[in-house]
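**Q** structure, please.
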Amino acid sequence: MPSSKPSKPKAKNQTQKPKPVVRSIDQKRLEKLTAIKTKLELGKHVQNRDLQTWLTRDEFAEIEARWTNEKERRLSMYGEKPDAIREYESRLSKAILTYNRADSYSQQRKHAAAKKLMAQSEVQFEHALEWLEESLGLDPSLQAWLDRPFDRGDAGLDPDSVPRLVTSRSAARQAGMAKQTIAGIKMQVVSAAIENSSRPALAVQTTKPSKKLNELLEMNNGFELK
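**A** Numbering: from 1, shown residues only. Just a heads-up that it's a prediction; the model follows:
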């Protein structure tokens, strides 16, 4: 009988599943920090617990330290606001808010509502300027808190025509003062953390001395370097 050769088993065409990509802790941290930076750039709020999770302890402490220094710097530059200035600032803020609402309604072509709010803002500006004029009459040194000499006749009834405080954002920008915000400080610390995380670690390579070198060292020092 003819001998039958055993047939080879057919190879199974099995498709191998791709192995899941395992990210290192450093890679995940870098991705999270980049996402946090993007939120800060968009002006969105980033909670402290997220910063604590992905920043190191020293990096997170740096935020608090810088913000404390900034508040102390502002206090040393301007001191505490007198009560009269605080009251003027409060009245002015209400007038500007009403003015901005009127401007918004005007752009939406809601002219009746815009006209009503604009008239209301003018009354609020008048009250703020009256308070400032009376306060300066009692204490002329308050002028140091204003971004321009006060002249009741020159002051208008809109945000650009009234005296603003030297500590306001607009005044600070005009004077070229570097005024840090807590969001800006967070951005600086997170950016530095990203830069540090992106730097490749320096690999220290150790090589075992050759046999010939060991023999030379043995002859000179009387021992073999293991």
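**Q** would you point out the helix or strand in this structure whose mean pLDDT is lowest?
**A** helix 169-175 (a mean of 49; mean pLDDT, DSSP states H and E).
**Q** next secondary structure after that helix?
**A** On the C-terminal side of helix 169-175, the nearest following helix or strand under DSSP states H and E is helix 182-198.
**Q** quick one: mean pLDDT for that following helix?
**A** Per-residue pLDDT over helix 182-198 has a mean of 88.
**Q** ok, and what's touching it?
**A** Helix 182-198 has contacts (CB atoms under 8 Å, 6 or more residues apart in numbering) with 26, 29-30, 33-34, 36-37, 40-41, 43, 46, 51, 54-56, 59-60, 62-63, 66-67, 70. The way it works is simple: take the backbone N, C-alpha and C, and place the C-beta from them, glycine included.
**Q** what residues of it count as buried?
**A** For helix 182-198, a neighbour-count test (16 or more other CB atoms under 10 Å) marks 185, 186, 187, 189, 190, 193, 197 as buried.
**Q** so how far is that helix off the chain centroid?
**A** Remark: helix 182-198 is offset 8 Å from the chain centroid, using CA atoms, centre = their mean, to the nearest Å.
**Q** ok, now stretch 107-114?
**A** With CA atoms, centre = their mean, you get 36 Å for stretch 107-114.
**Q** show residues contacting it.
**A** 102, 103, 105, 106.
**Q** for it, measure first residue to last.
**A** Stretch 107-114 stretches 9 Å from its first residue to its last (CA to CA, to the nearest Å).
**Q** average pLDDT for it?
**A** What stretch 107-114 shows for mean pLDDT is 87.
**Q** now it: buried residues?
**A** residue 114.
**Q** same thing with stretch 120-133?
**A** Buried positions in stretch 120-133, judged by neighbour count with 16+ other CB under 10 Å: 120, 121, 122, 124, 125, 128, 129, 131, 132.
**Q** can you check stretch 141-155 too?
**A** Here stretch 141-155 shows 142, 145, 146, 147, 150, 155 as buried, counting by 16+ other CB under 10 Å.
**Q** what of stretch 82-96?
**A** Neighbour count says stretch 82-96 has 84, 85, 88, 89, 91, 92, 95, 96 buried, by 16+ other CB under 10 Å.
**Q** CA-only coordinates of stretch 82-94 in PDB, if you can.
**A** Presented in PDB, the C-alpha positions along stretch 82-94 are these (Å, rounded to 0.1, in the frame of the first residue of the first chain):
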ATOM      1  CA  PRO A  82      -9.000 105.700  51.100                       C
ATOM      2  CA  ASP A  83     -12.700 105.300  51.800                       C
ATOM      3  CA  ALA A  84     -13.600 108.200  49.600                       C
ATOM      4  CA  ILE A  85     -11.700 106.700  46.700                       C
ATOM      5  CA  ARG A  86     -13.400 103.300  47.300                       C
ATOM      6  CA  GLU A  87     -16.800 105.000  47.100                       C
ATOM      7  CA  TYR A  88     -15.900 106.800  43.900                       C
ATOM      8  CA  GLU A  89     -14.700 103.600  42.400                       C
ATOM      9  CA  SER A  90     -18.000 101.800  43.400                       C
ATOM     10  CA  ARG A  91     -20.200 104.600  41.900                       C
ATOM     11  CA  LEU A  92     -18.000 104.700  38.700                       C
ATOM     12  CA  SER A  93     -18.300 100.900  38.300                       C
ATOM     13  CA  LYS A  94     -22.100 101.100  38.400                       C
END
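**Q** right, I'll call it a day here.
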